[in-house]
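[1] Predicted model follows, preceded by the sequence.
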Amino acid sequence: MNSNLAVRLAPWLYTAALFIVWEAAVWLFKIPIFFLPPPTAIANAFVEYWTPIYRHSLYTLATTLIGFGMAVGFGLLLGLVVGWSRSIYAGLYPLMIGFNAIPKVAVVPILVLWFGIGFVPAVLTAFLISFFPIVVNVATGLATIEPELEDVLKALGASKLDIMRKVGIPRTLPYFFGSLKVAITLAFVGSVISESIASNYGIGNLMLQAQAQFQVPLIFAGLVALAVEGIVMYWLMAMLEARMTGWAQRSGFAQA
Amino acid sequence: MSAFIALDGVSHAYGGLTDAPAVEGLSIAIEEGEFAAVVGPSGCGKSTLMKLATGLQFPFKGSVKVAGEEVTRPVKIAGMAFQAPTLLPWRTTLENLLLPLEIVEPHRSEIRRRRVEYAARAENLLSSVGLRGQGEKYPWELSGGMQQRASLCRALIHEPQLLMLDEPFAALDAFTREELWCVIRDLHAARKITICLVTHDLREAVFLADRVFVMSARPGRVLVERKIDIPRPRDLDVTFTQAFQDIVQEMRSHIVRARQ
């Protein structure tokens, strides 16, 4: 087979294979539907509950994207600040690591205390969970400027801002766009956590309700909806990355 | 008339006075238009010398003068090239060459208006090092030797009076290195520029330089100053003559002693 075609078809074939094996396993081992529903049952749930799934998915997508957007703005800014000065870097780094180590699920009750249930805590949880990789990546990009190049420019009288503009920021872009792929999927985790604890809307809440009513195929339909949204957003970020930083992706590694 | 670069009794330590100094009592004088080479054992402060002479570091003792002026800030009349070409991968080779002009005055404020003229200057420079028509390529499309040529061009684009080279050929294969020796030799002859070359390679130093300075082990200072009176223009064949070998031998014995 043409190897280009193989690469293009591979994702669909692998996904189809997963569902077929899943279906076969459920059927072979006679797994009850309330334990692990087969893909066909999940598909049925999708058809039956299409309207609520669609509405709650859009809601989750909206909270996730708003939280993610905040994370991009704040993460980029903080990353530049942290990368600008070694002392700020030294001062903020342990704080950020400590903050990142806190499970965000533990933060949700506090957010609810402050902002009530629903939209705001979901957005904030998505934001809190996804800004860290952006900060770290932007700061790393700045911290790894070649000292020789810095010398070349400094000897010409370049200010720190010049070096940042001409070298630092462009060279940080691949790190930045790379981190967006990580951050967007984390943002989904954040919003869904918050929705399943403290919201009346969103996929997280839908799955919680389905669980209460023992509609296991619907729970799985929610998971699949999330996975699809995650894949689409990740793919968008990857496209953006390739578009903005094509110069950084010239390796022929694993092209076969 | 004083020397173009004059370091007088210079001591410098990076971590302040508590650290072991990188150079101590270093005095060196390089004339205008001269090709000077500095050799010495590893860690002898050769790179510190570069930083002092370009105003990237300032000594805690002694004085550094370039072009008759005490160095108190980056000198701006110097171009620099290092072992790594450090070209920016998101710019074409030509755009990489223009980078210094976007930084240094008076070009900085004129680059918008005179971009075509500057681009032509960069093209000329590329041609002079054997990279005619390669300006539109990205650095990673060039071989290591070609990248290093482009890096030299970047150091020269603002027509500096002084060129500081820190082991610029160390990462290249032997044949490419010798090719680039000739490139730099011709640049020096054509432009009457003052060049200070820091290197580990004694043949390179003797072939290129008017004078070779041998530095001691850390803390570095000048042990020996040797005038190389091989007539110019020098051809690569000169490196195989007995006279040349003798000078290299002599330099080598100085270094061996400096390492002890």
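    Yep, it's here.
[2] what's the average pLDDT for the helix or strand harbouring B:Leu187?
    Under the criterion of DSSP states H and E, B:Leu187 resides in helix B:174-191. Mean per-residue pLDDT for helix B:174-191: 89.
[3] same check, this time on stretch B:125-132
    Average pLDDT, stretch B:125-132: 88.
[4] Give me the contact status of that stretch with chain A.
    No. Using CB under 8 Å from any CB of the partner chain, stretch B:125-132 never reaches chain A; the gap is at least 15.8 Å. Every residue, glycine included, has its C-beta placed from N, CA and C.
[5] Name the residues of that stretch that come out as buried.
    Neighbour-count burial for stretch B:125-132, counted by 16 or more other CB atoms under 10 Å in any protein chain shown, picks out B:Leu125, B:Leu126, B:Ser128, B:Val129, B:Leu131.
[6] Which residues does the helix or strand bottoming out on mean pLDDT in chain B contact?
    Using mean pLDDT, DSSP states H and E, the weakest-scoring helix or strand in chain B turns out to be helix B:107-110, at a mean of 84. Contacts to helix B:107-110, defined as CB atoms under 8 Å, 6 or more residues apart in numbering or on different chains, come from residues B:Pro100, B:Leu101, B:Glu102, B:Arg114, B:Tyr118, B:His158.
[7] now for the helix or strand containing A:Trp12, which elements pack on it?
    A:Trp12 belongs to helix A:3-28 when assigned by DSSP H and E. Packing contacts for helix A:3-28, counted by 3 or more CB pairs under 8 Å, 6 or more residues apart in numbering or on different chains; DSSP states H and E, involve helix A:39-48.
[8] how much does whichever helix or strand comes after the helix it packs on deviate in direction from helix A:39-48?
    Using DSSP H and E, the helix or strand that follows helix A:39-48 in sequence is helix A:50-84. Inter-element angle recorded for helix A:50-84 and helix A:39-48: 100 degrees (by axes from the mean of the first three to the mean of the last three CA atoms, to 10 degrees).
[9] What is the subsequent helix or strand relative to helix A:50-84?
    Helix A:50-84 is succeeded, C-terminally, by helix A:86-101 (DSSP H and E).
[10] Tell me how far that following helix lies from the chain's centre.
    When distances are taken as CA atoms, centre = their mean, to the nearest Å, helix A:86-101 is centred 22 Å away from the chain's centroid.
[11] Who are the packing partners of it?
    So helix A:86-101, by 3+ CB pairs under 8 Å, 6+ apart, packs with helix A:50-84, helix A:119-143.
[12] angle of the first one against helix A:119-143?
    Direction vectors for helix A:50-84 and helix A:119-143, defined by the same axes, to 10 degrees, enclose an angle of 40 degrees.
[13] quick check: mean pLDDT across helix A:50-84?
    94.
[14] Next: the last one.
    Per-residue pLDDT values over helix A:119-143 give a mean of 93.
[15] Test my guess that B:Val39 contacts B:Ser216.
    No. In this structure, B:Val39 is not within contact of B:Ser216 by CB atoms under 8 Å, at 11.3 Å.
[16] Between those two, which is the more surrounded one?
    Comparing B:Val39 with B:Ser216 by other CB atoms under 10 Å in any protein chain shown, the one with more neighbours is B:Val39, at 27 against 23.
[17] Quick check: beta-bridge partners of the nearest residue to B:Lys46 once chain neighbours are set aside?
    Sequence neighbours aside, B:Val198 is the residue nearest to B:Lys46 in space, at 4.3 Å (criterion: CB to CB, 6 or more residues apart in numbering or on different chains). Note on B:Val198: beta-bridge partners B:Val38, B:Asp166, judged by DSSP bridges.
[18] Quick one: residues contacting B:Val198.
    Here B:Val198 is in contact with B:Ala37, B:Val38, B:Val39, B:Lys46, B:Ser47, B:Leu49, B:Met50, B:Met164, B:Leu165, B:Asp166, B:Glu167 (CB under 8 Å, 6+ apart).
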